[in-house]
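Asker: below: sequence and its predicted model.
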Amino acid sequence: MITAELDVPRPETHRRVEQVMGMPISLALRGRHACDDRADRAWHVALAILRSADEVFSTYRPDSMISRLGRGEIDLAECPPEVAEVLTIAEVARHESGGAFDVERAGPDGSVVLDPSGIVKGWAVERAAKAFDGLEDTDVCLSAGGDLVCRTRMPGSDGWRIGIEDPHAPGRIVAVVPVRDGAVATSGLAHRGAHITDPRTGAVPDALASVTVVGPELTWVDIEATVAFVLGRDARGWLEGRPGRSGLIVHADGSAETFGQ
């Protein structure tokens, strides 16, 4: 899990927090438009994008498009185009991970359950972050449950410093990652328990405590962190085959290793 941004002395950071998609969505802004009406409007647009994604993709809502699609009540052509977009990403991820990532899983009765939650959070937050593109000379950090998108536009800014939490001791920082324009995602069981399973076996991975991936797009670094966590001891080799990625792997025994640039 990624902790809140760690700020060294610099222009004041203005923060907003809202509960959406069952998790805290937090925004940090600093610079020219950090606390004006334009920032407020952009924040409301971002929240609307996230709420819309929740309405379409929530597996907890029986009337959501993804729930109805999964039950066979509607077909893909009857869904908003973003459903096909997410499912296309899912198929690419399944192929590139060798099946370590899949949005279809076995239900308790043996039926197939459609659950793209492992994509939707990162994909939705990345879309929501675009709401702040018009804030000139303003640094932006948008976080959902700890996975985040960072943008640096303030003149003279040295970007954001993101703390990576120790999965064995929540609240303690094991590393600090500088990010100017990019995304950070962490996968692990420390906060949510056994919510990640290997789709190939149904087992909960136990070789790693957490994986943090830094890259250009939150959609993909979120997927990649999950894949790496599932792959366990093969995580580093797979991640090093992903261009432009870096990050931290924390093993179940507490040891840690970095990868990438």
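Answerer: Sure thing, it's come through. Remember, predicted model here, so these are calculated numbers, not experimental data.
Asker: alpha carbons only for contacts and neighbour counts from here, please
Answerer: Noted.
Asker: A144 and I25 touch, don't they?
Answerer: Yes - assessed by Cα atoms under 8 Å, A144 is found in contact with I25 at 4.6 Å.
Asker: ok, those two, which is more surrounded?
Answerer: A direct count of neighbours by other Cα atoms under 10 Å for A144 and I25 places A144 higher, at 25 against 22.
Asker: ok, that one - contacts?
Answerer: Shown here is A144, whose contacts under the criterion Cα atoms under 8 Å, 6 or more residues apart in numbering are 23-26, 121, 125.
Asker: now, of the residues you listed, which are buried?
Answerer: Among these, those that count as buried by neighbour count (16 or more other Cα atoms under 10 Å) are 25-26, 121, 125.
Asker: okay, now the nearest residue to S67 once chain neighbours are set aside: neighbour count?
Answerer: Counting by Cα to Cα, 6 or more residues apart in numbering, the nearest residue to S67 once its immediate chain neighbours are dropped is T59, at 5.7 Å. A count of neighbours around T59, defined by other Cα under 10 Å, yields 20.
Asker: now do E240
Answerer: When neighbours are counted by other Cα under 10 Å, E240 comes out with 14.
Asker: contacting residues for C150?
Answerer: C150 makes contact with 139-142, 160, 179-183 under the criterion Cα under 8 Å, 6+ apart.
Asker: ok, so of those, who is nearest A90?
Answerer: Closest approach to A90 among the contacts of C150 (Cα to Cα): A183, at 18.9 Å.
Asker: secondary structure element for that closest one?
Answerer: When secondary structure is defined using DSSP states H and E, the element that contains A183 is strand 182-188.
Asker: tell me how many other residues crowd R38.
Answerer: Residues within reach of R38, counting by other Cα under 10 Å, total 14.
Asker: verify the assumption that it is located in a strand.
Answerer: No - using DSSP: H, G, I helix; E, B strand; the rest coil, the assignment for R38 is helix, not a strand.
Asker: so it touches L135, yeah?
Answerer: Yes - with contacts defined as Cα under 8 Å, R38 counts as touching L135 at a distance of 7.4 Å.
Asker: mind listing the strands for the protein?
Answerer: Along the chain, the stretches classed as strands by DSSP state E are 2-5, 14-20, 23-31, 104-106, 112-114, 138-144, 147-151, 160-165, 173-179, 182-188, 208-215, 246-251, 256-260.
Asker: pLDDT on the fourth one, on average?
Answerer: Summarised as a single mean, pLDDT over strand 104-106 is 83.
Asker: buried ones in it?
Answerer: Judged by neighbour count using 16+ other Cα under 10 Å, the buried positions of strand 104-106 are R105.
Asker: now stretch 168-179
Answerer: Neighbour count says stretch 168-179 has 176-177, 179 buried, by 16+ other Cα under 10 Å.
Asker: low-confidence bits of this protein, can you list those?
Answerer: Counting by pLDDT under 70, the chain contains low-confidence ranges at 1-10, 191-194, 261.
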